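Chemist: Attaching a predicted model along with its sequence, questions to come.
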Amino acid sequence: MKRVKANDPVAMLQMGLVCYNKGDYDSAFRRYNISAGLGDVAGHYQLSCLYRKGQGVEKDVKKEVYHLEQAAIGGHPIARYNLGAVEEENGRMDRAVKHWIIAATLGHNASLDTLKLCFRRGLVSKEDFASALRAHQAAVDATKSPQREAAEEARKE
């Protein structure tokens, strides 16, 4: 609670998640809004989810997209992936593919899978797909460490 009282954006986000999981969407909205206002990209992403589902707020596609854009600009790969989905729904496949390429380069697996489908359909060039695949692998490799591997092994036991 000390971090929440100090307006720590990550603490606000975590409290928002607690409220959300309890079904208290109004409180979750307030916490996410504070988190996003303090610059936390995950706060923006969570706000986009509330606006998409209409939980604690009225459904609002413009606000959903705004918060997805803010989160994506800040490097949130799922937000970037979701922006691609929005562009696809609006018939702008060229923009959708660009979002998915960026998300894949951030290590987002679903974006890479979507790009595979786009490549098979001829929507992505061989060069662009290969480049995204290399960047995805580099991002995944950058998250590997002996400590993470040991923690993963311990979790499996």
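Modeler: Looks like it came in fine. These figures come from a predicted structure and were not determined experimentally.

Chemist: Contacts for the least confident helix or strand in the chain by mean pLDDT, please.
Modeler: Ranking every helix and strand in the chain by mean pLDDT, DSSP states H and E puts helix 2-5 at the bottom, with a mean of 79. Contact with helix 2-5 is made by Val10, Ala11, Met12, Met15, as judged by C-beta atoms under 8 Å, 6 or more residues apart in numbering. C-beta coordinates here come from the backbone N, C-alpha and C atoms, glycine included.

Chemist: ok, and the closest non-adjacent residue to Gly43?
Modeler: In space, and not counting its chain neighbours, Gly43 is closest to Ser35: 3.0 Å by C-beta to C-beta, 6 or more residues apart in numbering.

Chemist: Spit out the contact partners of the one you found.
Modeler: Here Ser35 is in contact with Pro9, Val10, Met12, Leu13, Gly16, Ala42, Gly43, Gln46 (C-beta under 8 Å, 6+ apart).

Chemist: Okay, and the residue nearest to the third one when sequence neighbours are not counted sits in which element?
Modeler: It refers to Met12. With sequence-adjacent residues excluded and distances taken as C-beta to C-beta, 6+ apart, Met12 is closest to Ser35, at 4.1 Å. Using DSSP states H and E, Ser35 maps to helix 25-37.

Chemist: residue nearest the centroid of the chain?
Modeler: Ile78 (2.4 Å; C-alpha atoms, centre = their mean).

Chemist: Perfect, I'm done here.
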